[in-house]
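**Q** Okay, predicted coordinates and the sequence, questions at the end:
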Amino acid sequence: AGPVAAALSALACLPTTGFGLWVVHRLDRDEKEPWRLVLVATAWGALVATSLVIWAESLFQFWAVSSLVPGPGLDATNAFSAGLFEELAKGVAVLLLYLVMRDEFHDVVDGIVDGAAVGLGFNFMETVGYMTYLDSLFGPYAAGFQWYHRQVLDLFFGHATFTALLGAGIGIARQLPSRRQQVIAIACGWLA
């Protein structure tokens, strides 16, 4: 569809993603996360996480197609790879915030806010990609449906929720005394 369709798709997603970030930022009532941290988390989700996922899924797809027999096994492997790689790429951002910005990362709510911000950034970029692709195949109505589905109906019930759960696990880990408990809390957040 070209850069014009991609730019229009991005413009269409900015207000809804901005609204999502505003809502998520307001969740933290005691000590709000600084906007710069929320925006860095969103940028990671939009740029770094999506790039890591494209790279990892491409390598995995190459390996799976050349190593596995076509059929149910290959189909199941492909179905699980997206969730595995997406959650790993988004989770790395929240984990880095936890490790690097410990002064700003206090509790479960901070983990939820940071995780949801990463998820909203990922959702933004993924929606732009899908809208651009569908516009090239089926026209603007298909792109509009994709926008409505991902930016209105699923804005808080997709990537934002998945990564917020992971962030909650990291937020719980921030409050636990032993390294073993912290690892278990983070693993449980990621599995959720």
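**A** Yep, that arrived.

**Q** low-confidence ranges in this structure?
**A** The chain contains residues with pLDDT under 70 at 1.

**Q** So which residue is dead centre in it?
**A** Compute the mean C-alpha point of the chain, and by Cα atoms, centre = their mean the closest residue is Gly119, 2.9 Å away.

**Q** show me what contacts Pro177?
**A** Applying Cβ atoms under 8 Å, 6 or more residues apart in numbering to Pro177 gives no contacts. In this view, the C-beta of every residue, glycine as well, is placed from N, C-alpha and C.

**Q** Let's verify the residue of the chain most remote from its centre: helix, strand, or coil?
**A** In terms of distance from the mean C-alpha position of the chain, Val69 ranks first, at 31.0 Å (Cα atoms, centre = their mean). Three-state assignment for Val69 (DSSP: H, G, I helix; E, B strand; the rest coil): coil.

**Q** same check, this time on Lys32
**A** Per three-state DSSP, Lys32 ends up coil.

**Q** and if you look at Gly144?
**A** What three-state DSSP gives for Gly144 is helix.

**Q** distance of it from Leu21?
**A** Going from Gly144 to Leu21 by Cβ to Cβ, to the nearest Å gives 22 Å.

**Q** which of those two has more neighbours?
**A** Between Gly144 and Leu21, Leu21 has the larger neighbour count (other Cβ atoms under 10 Å), namely 22 against 15.

**Q** Contacts only, for the more buried one.
**A** With contacts defined as Cβ under 8 Å, 6+ apart, Leu21 is in contact with 38-39, 42, 117, 120.

**Q** among those, which are in helices?
**A** Counted as lying in helices by DSSP state H, out of the contacts of Leu21, are 38-39, 42, 117, 120.
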